[in-house]
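[1] Could you look at this predicted model? Sequence included:
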Amino acid sequence: MRRQGFVLGLFSVCGQVLLLRELVSSLNGDELFIGTALFGWLLAVAVGALAAGRLPRRISPRVLFCAAALLMPLMIILVRLSPLLATKVVGEIITFTPAALLSILAMGPVGLLTGWLFTSIAAPGDHAGDAIVVVYLWEGLGSFVGGLLITVLAGRFFSTLTLAVLMSVIVISLALMSFDRRRLIGALAVTLTAAVTVALSAPPLDRYLDAVKFRPYTVVESFDTHYGHQIILARDSSITLVTDNTIEAVWPDRETTENLILPPLLYQPEAKRILYIGRTEFGVAQMADSLPGIAIDALDQRGEMNGIIDRILPRSTAARRIDDDPVRYLSGPTALPIYDIIVLNIGDPDSYHVSRYVTQRFLFALRRWLQSDGILCVPTHYDTDRYLTPEKGRLLSVIFQTIAQTFPHLALWPGTSTLIIASPERNLDLPYDSLIARIGRLPLAAEYIHPDYLTDRLAEMKIERLRTAVNESFTTNRLEHPVLPHYQALYRSSTASLDRKLLSIMLGHPRWMIIIPALVAILFLWCLRGPQRRSRLAIFCYFVAGLVSLTLELVSFYIYQSTAGALYSEMAVLIGAFMLGLAVGTYSAHRVGDRPMEYPALGLFLTALLVFIATFRSVPVGLMLPYYLLFLFVSALATGTLFVGATRRYYPWSLFIDDPAAGRGTGYGWELLGSAAGALMTTTLLLPLIGLNWLLWSLVALVALTLAGAILTDRVRTR
């Protein structure tokens, strides 16, 4: 039971994280779908756990392990190719509704078998409560080990698909292996041979899948970094960089390159040092070679790409690479000399990973690296040359108003790629003649940023129309209330009527959210009814344990990514810390006799929440990782303790069932239903609608309500 529980945890966290990585990669890097994918996973696990004990025939855990392990890499392959169901155009965005549905369905098959496994492993034994707690404990330990393995290996040494096949081999071997000493060495040798064979054969499969997906392009390179999946495509004389199924850059593309570099130089012609946030190899670095005296620092976290790109594109002598996450790097100590120009080329703000760059917190950190009369240039992908839709205007307004909080001087450049140019002190209200004169003094012959082009682009009517749009609202994108990803989703939904209706209701009519507390209140009141109210309250405790813990996990991911650096390199170790806390909490509570453990668990939850609310804004960047590791560990400690307390409440009342295996997945299933609700609502709905502060205080109220219910049912029982 213990060994199988450990293998279950190892497989569960690996399957969950690897499928999440592949889904985010295949759905254009949009981690809004982490919430819907986790909802699909947790719902499937809950259904598997609840249903398995009620099936008339039992299936051996070994058979289930083999089936789940074989299914995981198959699902990753299907997810990789799934965009072909919606479009065959390279880089075309899959709209919100089909992407959300895909993320839920893709997690279902493996999740269902995982929940089935929990009940199947916990079935043997005389006492349901003891068996469930033991499996829950060892599952937490296995998940901790799996989280560490994924953190070290994913992207750095193995691609997502390669690692999925490797983990499948390991899980099948551990599930089937006999620990008889005479056979153990042979089994380990067979496992090692299979693992090496997989490691050598999986990379060509990666390349083949991308070749199928991106026809008629030629796949030059296909590889993972620890931040996502990268593909370099060739067709005719062009080279295209695809990041997580989205076109990031094309070479050669003279028009885009001039729009990124030359406009800020017209406002700061004496500039010597430029910081470019993004990849410069696709034109920007080569143009810098034609600008005497200009030195560019290119800040991008994907250092694994450097050698690969250098083999394909000409190397620049003017650009210096800085391999670090922009949020982490710019939040550190300021280097001297600071920059004359900063170009913030972030792409579409379709995820929290991207929208974190358009917050007052990040822009304030960025301003420290800029000269007082320096220039910030923020290129966008929104075409405002001829027509400005309300959705496009709202997006540009949020970006403009957020930048205006930190940079008081701003200029707008309408066009097929709208530019926002800002400065701390320099006056940007330059007459048109001055800009034309500075174009003539550039040391290169511009093909697109020339006088005739600017006459049309900077026409007073176009600038005034754009300025009116960005000043219609003063909404900003904040750490406590991130709205950009959802406005971007609404903007993209213009081509899909279902998306448009759904997102309009979600964002424009938030009164529907009253349903959420109403459903929680109904469940709570139902648990307080009848002679078995004490046992029923255990169901509410299970639900709250899952809901609060998963919500805090997602909130931690969001804040850590927004304030300390990109999430994907640290996500697995954060999950591992949570699972270790879960195991420690379960073990400690299980060792403490028959005492009611709900009270210390709920008290620990309240304490952790209140301390977190009071401190998370003021944690130094260098302490972010240990802070969130500790917070998730303590939250999981409370979750594991509450699980044991709820199990002791529930199972003495429910052991009237004749079949000792039946019902053993009930508590686990209700906890997962709570987790599924938290996964679906937290980042997908609640963060943009009510904001971070209201979300955290709602959790405080829910934990306090559960504590009151526990006290009430215990008092009634003692009377």
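    All right, it came through fine.

[2] The closest residue to residue 295 other than its chain neighbours and residue 712, how far apart?
    In this structure, residue 295 finds its nearest non-sequential neighbour in residue 273, 5.5 Å apart by Cβ to Cβ, 6 or more residues apart in numbering. All C-beta atoms are positioned from the backbone trio N, CA, C, and that covers glycine. Per Cβ to Cβ, to the nearest Å, residue 273 is found 66 Å from residue 712.

[3] before we move on, what about residue 628?
    34 Å.

[4] more crowded one of these two?
    residue 628 (26 against 14; other Cβ atoms under 10 Å).

[5] How far away from the center of its chain is the strand or helix carrying the more buried one?
    Element membership of residue 628, judged by DSSP states H and E, is helix 624-654. On the basis of Cα atoms, centre = their mean, to the nearest Å, helix 624-654 sits 23 Å off its chain's mean C-alpha point.

[6] Over to stretch 554-570?
    8 Å.

[7] Dump that stretch to PDB, keeping only the CA atoms.
    Below are the C-alpha coordinates for stretch 554-570, written out as PDB (Å, rounded to 0.1, in the frame of the first residue of the first chain):
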ATOM      1  CA  LEU A 554      -2.800  29.200  -7.800                       C
ATOM      2  CA  VAL A 555      -2.600  32.600  -6.100                       C
ATOM      3  CA  SER A 556       1.000  31.800  -5.100                       C
ATOM      4  CA  PHE A 557       1.900  30.900  -8.700                       C
ATOM      5  CA  TYR A 558       0.300  34.100  -9.900                       C
ATOM      6  CA  ILE A 559       2.000  36.500  -7.400                       C
ATOM      7  CA  TYR A 560       5.400  34.700  -7.700                       C
ATOM      8  CA  GLN A 561       5.400  34.900 -11.400                       C
ATOM      9  CA  SER A 562       4.300  38.600 -11.300                       C
ATOM     10  CA  THR A 563       6.900  39.700  -8.800                       C
ATOM     11  CA  ALA A 564       9.800  37.300  -8.800                       C
ATOM     12  CA  GLY A 565      10.200  35.800 -12.200                       C
ATOM     13  CA  ALA A 566       8.700  33.400 -14.800                       C
ATOM     14  CA  LEU A 567       6.700  30.600 -13.300                       C
ATOM     15  CA  TYR A 568       7.400  27.500 -15.300                       C
ATOM     16  CA  SER A 569      11.000  26.900 -14.100                       C
ATOM     17  CA  GLU A 570       9.800  26.900 -10.500                       C
END
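
[8] can you pull out the helices in the stretch 1-150 of the chain?
    Taking DSSP state H, counting those that start in this stretch, the helices of the stretch 1-150 of the chain run over residues 2-26, 33-52, 61-81, 96-122, 128-153.

[9] Point out where the stretch 501-650 of the chain drops to low pLDDT.
    507-510, 530, 566-569, 572, 593 (pLDDT under 70).

[10] any idea of the mean pLDDT for the longest strand anywhere in the chain?
    As assigned by DSSP state E, the longest strand anywhere in the chain is strand 370-379. Strand 370-379 shows a mean pLDDT of 95.

[11] Could you do stretch 7-19 as well?
    Across stretch 7-19, the average pLDDT comes to 85.

[12] those strands in the protein, which residues are they?
    Under DSSP E, the chain gives strands at 218-225, 228-235, 238-243, 246-251, 273-277, 295-300, 319-323, 339-344, 370-379, 409-413, 419-423.

[13] Return the list of strands paired to the third one, each annotated with direction.
    Partners of strand 238-243 in the sheet, by DSSP bridges, are strand 228-235 (antiparallel), strand 246-251 (antiparallel).

[14] Let's have these in CSV, adding distance to residue 523 and mean pLDDT.
    Shown next, in CSV, are these (distance: least, Cβ to Cβ, whole Å; pLDDT from 0 to 100):
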stretch, distance to residue 523, mean pLDDT
strand 228-235, 39, 90
strand 246-251, 40, 89
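
[15] Relative to residue 613, which of those strands is closest?
    strand 228-235 (31.9 Å; Cβ to Cβ).

[16] now the closest residue in space to residue 552 that isn't next to it in sequence: how far from residue 5?
    Excluding the flanking residues, the one nearest residue 552 by Cβ to Cβ, 6+ apart is residue 635, at 4.8 Å. According to Cβ to Cβ, residue 635 stands 21 Å off from residue 5.

[17] same thing with residue 521?
    35 Å.

[18] So these two - more neighbours on which side?
    For residue 521 versus residue 5, the count of surrounding residues by other Cβ under 10 Å is larger for residue 5: 24 against 11.

[19] Tell me the spacing between the more buried one and residue 143.
    10 Å.

[20] go on, residue 459?
    Noted for residue 459: a distance of 59 Å to residue 143, by Cβ to Cβ.

[21] Residue 160 now?
    As judged by Cβ to Cβ, residue 160 and residue 143 stand 18 Å apart.

[22] can you check residue 473 too?
    Taking Cβ to Cβ, one finds residue 473 at 44 Å from residue 143.

[23] give me every residue that touches the closest residue to residue 553 other than its chain neighbours.
    Computed as Cβ to Cβ, 6+ apart, the closest residue to residue 553 that is not its neighbour in sequence is residue 578, at 5.9 Å. Residue 578 sits next to 549, 553, 632-633, 635-636 when contact means Cβ atoms under 8 Å, 6 or more residues apart in numbering.

[24] Cool, thanks, talk later.
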